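sequence first, predicted model second:
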Amino acid sequence: MPQVSNLRYVCFLGQPFGGVYLYPTIEAQAAHLLYFVIKNHPFSDGNKRIGAFLFVWFLEKNKHRYKPNGEIKINDNGLVALALLVAQSDPNDKELMIHLICNLIL
């Protein structure tokens, strides 16, 4: 059973606060989704797998999974490496991880 308190942030990724989006691009929203699910451990097991799935699903639903030429933005091996990197990263490096993820999917 997921810990509801650790899932709250997922509901607010695309919501404005005071008329300003905290995560203004699809890439920023996807990056934060991946980071938060992996680092906040809302599930008792499988947070990296679930985070990776939600990341790909979110990109797909928002039509950002593929480059304009039809090539996938991040392949399976890259996604695994990225999930492991996020999981092992220092929480103080959050903005660096978000920036890295965003650059990989632009």
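All right, it came through fine. Numbering: from 1, shown residues only.

what's the local residue count around the closest residue to residue 91 other than its chain neighbours?
Counting by CB to CB, 6 or more residues apart in numbering, residue 91 lies nearest to residue 39, which is 6.7 Å off, once chain neighbours are set aside. For every residue, glycine as well, the C-beta is placed using N, CA and C. Per other CB atoms under 10 Å, the neighbour tally for residue 39 reads 17.

now swap in the one 4 residues further on and tell me
For residue 43, the number of neighbouring residues by other CB under 10 Å comes to 16.

quick thing: my sequence starts at 59, can you match it?
Sure, I'll start numbering at 59, so the last one becomes residue 101.

three-state assignment of it?
coil (DSSP: H, G, I helix; E, B strand; the rest coil).

mind listing what the residue nearest the centre of the chain touches?
For the chain, residue 92 is the residue whose C-alpha lies nearest the centre (CA atoms, centre = their mean; 2.3 Å). Shown in contact with residue 92 (CB atoms under 8 Å, 6 or more residues apart in numbering): 109-110, 112-113, 140-141, 144, 159.

got phi/psi on it?
phi -60, psi -50 (degrees, to the nearest 10).

could you report the neighbour count for residue 160?
The number of residues packed near residue 160 is 18, by other CB under 10 Å.

for the strand or helix carrying it, buried residues please.
Assessed by DSSP states H and E, residue 160 sits inside helix 152-162. Burial within helix 152-162, assessed by neighbour count using 16 or more other CB atoms under 10 Å, is assigned to 155-156, 159-160.

by mean pLDDT, flag the weakest helix or strand of this structure.
helix 66-69 (a mean of 63; mean pLDDT, DSSP states H and E).

in the protein, which spans are helices?
66-69, 84-98, 105-119, 134-146, 152-162 (DSSP state H).

which pLDDT value goes with the residue nearest to the centre of the chain?
According to the prediction, residue 92 has pLDDT 97.

coming back round to it: tilt between the helix holding residue 160 and helix 84-98?
Orientation note: helix 152-162 sits at an angle of 130 degrees relative to helix 84-98 (axes from the mean of the first three to the mean of the last three CA atoms, to 10 degrees).
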